[in-house]
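# what's the 3D shape of this:
(3 chains)
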Amino acid sequence: MSAVAIQAGDTPAARKSGGMTSWEKWGLILVIPYLLIFVVFVIYPVGYGLWLARHPESYTKLFADPIFFRTLVNTLIFVVVAVNVKMVVALFLSGFFLHTRWWIKALSLVFILPWAVPSIPTILSMRFMLNPEWGVINSAIFKLTGMDGPNWLNDPTLALSFSMLAHIWKSLPFWTLILLAGRMAIPGEQYEAASVDGASNWQKFCFITWPSMRSLFLTSTILSMIWTLGDFNSVYLLTGGGPADLTHVLATLGIRYLRLDQVDLSLASIVVALPLILPLVYFMMKRLSK
Amino acid sequence: MASVSFKNIEKSFGATKIIHGISFDISDGEFVVLVGPSGCGKSTLLRMLAGLEPISGGVITIDDKVINDLDSKDRDIAMVFQSYALYPHMTVRDNMAFSLKLRKADAELTNTRVANAARILNLDPLLDRFPRELSGGQRQRVAMGRAIVRDPKVFLFDEPLSNLDAKLRVAMRAEIKALHQRLKTTTVYVTHDQIEAMTMADRIVVMHDGIVEQIGTPLELFDHPGNLFVAQFIGSPSMNVLKGTLRQADGREWVEALGQQWPSLTHAQARDGQSVHYGVRPTDITVSASGNGIPAKVIVVEPTGAETELLLEVGGAQLVVVMHGRTAVQPDDVVHLEITAEKSHVFDGTTEKRLD
Amino acid sequence: MSAGLRKSRITWKMVSTEAKLLLIGIPVFLWTIIPIYHMVLFSISPRNAATSGRLWPKEPTLSNFSFVFQQKHFYLDHFWAQLGNSLVIALSVGALTLAVSTAAAFAISRLKVRGGRTVMNMALFTYFIPAAFLAVPMYKTMGNYGLLNSQWSLILAMVTIASPYCIWVLKQASDKLPWELDEAARMDGATAMQLFRLVYLPLMVPSLVAVGTYALLLAWNEYLYAFLLLSKDSSVTLAVALGNFLAADDSPWELLMTTGLIYALPPAAIYYAFKRYMVSGLTAGAVKS
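The predicted structure is shown next:
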């Protein structure tokens, strides 16, 4: 037996201490940092927030605030319309980016920019484009027609629509990329077999692409809804919730109350949103943790 | 070098017991192969010896020292994995030196050991390559080199050749065998391939459904399979087995099956009318185009060059015969089968144990 | 004759396909580029020429950049300090998140720590709470902890928000490493930490790059938490400084756009530099279908 081997062989089974192997002990030590963060910065804030939002009066006050109902409606429109438009366009564009052309490859590099750059400067850029007096859009309208353009962000419907467009502009590239990855995972033989069988492009989409993408598309849509519920920037930076607080969504309303020093209303508005979020979160947890 | 002993080893995963009290000893320097169909528990047994799987019951000793509660690294054993498990980010040299580095062996000893192992396995020109730059056979050799460098008491091999193509597998088989003859390290080798077991082992342990079916040298298992399972598992093509009835008269004994009489030796434990399985290996049947013996219809003729394999039909059942050399026999011909009683195997119809 | 016919038909089909692709490609290009180009145009235009409606300024200039770099405006008094804050905070968040989530992913995926599944679920749950909804409770909590206006509050908040996703991606990636490597290392005599240092970390480099970059960019880009948790002009990040331009109607837009461009460049550069890791690492983990 070699010296090295004896040295190793003679180590007693001392690793057993308190019924835990050293591997189990290290496992525990290594998750503790995250557990600490979770307890201190997730459990405590959530618990504290719920405790601050415990008074029924907060909810009576909240429901009495006309802005609140407007906000709820806005949020639903935002989540349903913006997300679905975005996902359908992303599904369409993922098919477009599947084509192999040098210029499509180049375009894909540009196309990803909105996702790669921070949203503040780009949304502020849009805001300035829409400025009624100096913005490029109204300047162009004036040049072409000699008339003043509309005050885009002063109309609640238009303002909310532009917020949705800003949101779509920012997150479309990401979802296109995800769905593109899904499309690329479909084996090419399936399409070849369909071509041999004489299928049209639309039939190929219906019978091959969509069945394989359905699950990914659904998961992506739900996840996008959750994230869209939390999209603060697209609304706050473009409209600031205005005009007259008519374009708030739940993500900005809480902050508005906070700035008005109505912490209880702020937290109550979040609690009210829970029935909207939790089913979606539950769905995603089921999907991802199996 | 060391002896290994298993005493009443059991293994359960939750409520499912997959190894039911296995006992056997491996002597110093022996090459033992654990063989059996997948799911028989052979890999689990090996992993319990390696310390990768807790032992549910029983005792494993190496050199009479109980190792049940020792960490793998303290058991002084080395293992070659099916997937090789080479560290992809380390060169061949670093892969082989890794265990010594962890043990803080001095650089000179490490270099000598690695150089020595590389020489034995012809790995010298590859020492600075990464695993991804090696062929399957070379990776396999590096995995063995990593084990050799440790100079352990026991080598463990877990299906090490199953990721290689057929030709390379034959070559590596010989290489491992030669290595063992050179190093004489106690070796436990797991495979599902009975040919590997036959060609490499000093002794074979045949496992099935978590128990040991039989232990013996390759030829013992081939010539005297202890039960029907071993009889059919060992040997390729596998033994022909017919269900039949044992007959005794005038101090003679034979088996009636498929409406024919099949010769057998006399068995002390046997009684007339007993239901049995009658077995005969494809190589132990002589075929003659005319003459005596059991008539059989030829269905398929498969020449392989040195041998010819025939698929025959007797009374609605199919038999395989392997003939040396070539034959003029054609499909649909009727041939006659001759079997010597000494080459027959008879197993009890219910217990499937060999009759002696 | 018939061969010629077929040939022309194929060419016709090819042309119509290209035309259809261009019909999609050109709008996509314009849609993507206009807000960004608008920003670039402003940053290289003299003060009053930007709104002229020209596609390229008559006299392109870099004077806006020199204004910003020399902090020659009320809004830009702390430009360099704020850029530094953004950088320090982003780097801290990247490093801390990487450390915390790598340790957790290793413990859950490779050491199979008891309760690892629960920890993973807790992390996933956090990942799915929209960050904006956690902002107000987080703000109150930081107040209770006495961390408001300290950059630590932003760093810790961002680590909290970034690490769940990082743990998830890293766990997915490390689950793919062959289990035999750990067993081989154990038999070679490695301790848990040696396995972590000598085998796990080197093999995880691509995912670590992806995850570290993700956390860094998340912190660099964050606006809401930054403006809630920090308030002193000299301690806020560039993102908050940009938001502050909105306070007045007569904001110097060309300087805002210039600063925004400077602020947007590093993340874009990092994204393109690590594109290979980002796309495979992040999209693979984002949605498991």
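# contacts and neighbour counts: CA atoms only from here.
Will do.
# how about the residues of the stretch 151-289 of chain C near chain B?
With the criterion set to CA under 8 Å from any CA of the partner chain, the stretch 151-289 of chain C comes near chain B through C:178, C:180-181, C:183-190, C:199, C:202-203.
# By neighbour count, which of those wins?
The residue in those with the most neighbours, by other CA atoms under 10 Å in any protein chain shown, is C:Asp188 (27 neighbours).
# what's near enough to touch that one?
B:73, B:78, B:98-100, B:102 (CA atoms under 8 Å, 6 or more residues apart in numbering or on different chains).
# Please tell me how far the nearest residue to B:Val321 once chain neighbours are set aside sits from B:Lys7.
The shortest distance from B:Val321 to any non-neighbouring residue, by CA to CA, 6 or more residues apart in numbering or on different chains, is to B:Pro282 (4.2 Å). Using CA to CA, to the nearest Å, we find B:Pro282 at a distance of 37 Å from B:Lys7.
# out of these two, which sits in the more crowded spot?
With neighbours defined as other CA under 10 Å, B:Pro282 and B:Lys7 compare such that B:Pro282 has more, 21 against 15.
# Now do the more buried one, the pLDDT please.
For B:Pro282, the pLDDT comes out at 94.
# same check, this time on C:Ala247
Predicted confidence (pLDDT) for C:Ala247: 68.
# With the one 3 residues further on instead?
C:Asp250 carries a pLDDT score of 68 in this model.
# quick one: buried residues of stretch C:64-75?
Neighbour-count burial for stretch C:64-75, counted by 16 or more other CA atoms under 10 Å in any protein chain shown, picks out C:64-65, C:68, C:75.
# thinking again about what came up before, the residue nearest to B:Val321 touches B:Asn240, doesn't it?
Yes - counting by CA atoms under 8 Å, B:Asn240 is a contact partner of B:Pro282 at 6.7 Å.
# Find residues that contact each of the two.
By CA under 8 Å, 6+ apart, the residues touching both B:Pro282 and B:Asn240 are B:319-320.
# number of nearby residues for the residue of chain B found nearest chain A?
At 4.7 Å from chain A, B:Asp74 is the closest residue in chain B, using CA to the nearest CA. B:Asp74 has 23 neighbours, counted by other CA under 10 Å.
# how much space is there between it and C:Thr191?
Computed as CA to CA, the B:Asp74 to C:Thr191 distance reads 12 Å.
# Kindly report the same for A:Val88.
A:Val88 is 51 Å from C:Thr191, where distance means CA to CA.
# for A:Val79, same thing?
50 Å.
# neighbour count winner among the two?
A:Val79 (21 against 17).
# For that one, list the residues it contacts.
A:Val79 touches A:225, A:228-229, counting by CA under 8 Å, 6+ apart.
# Relative to the whole chain's centre, how far out is stretch C:159-179?
17 Å (CA atoms, centre = their mean, to the nearest Å).
# buried ones in that stretch?
C:159-174.
# farthest-separated two in the contacts of C:Asp188?
The most widely separated members of the contacts of C:Asp188, counting by CA to CA, are B:Ala78 and B:Leu102 (14.2 Å).
# Comparing the two, which residue is more hemmed in?
Higher neighbour count among B:Ala78 and B:Leu102: B:Ala78, with 28 against 15, using other CA under 10 Å.
# can you tell me the helix or strand for that one?
Secondary structure assignment for B:Ala78, by DSSP states H and E: strand B:77-80.
# What of C:Ser207?
Using DSSP H and E, the element containing C:Ser207 is helix C:201-221.
# Just checking that helix against chain A, any contact.
Yes - judged by CA under 8 Å from any CA, helix C:201-221 and chain A are in contact via C:Asn221.
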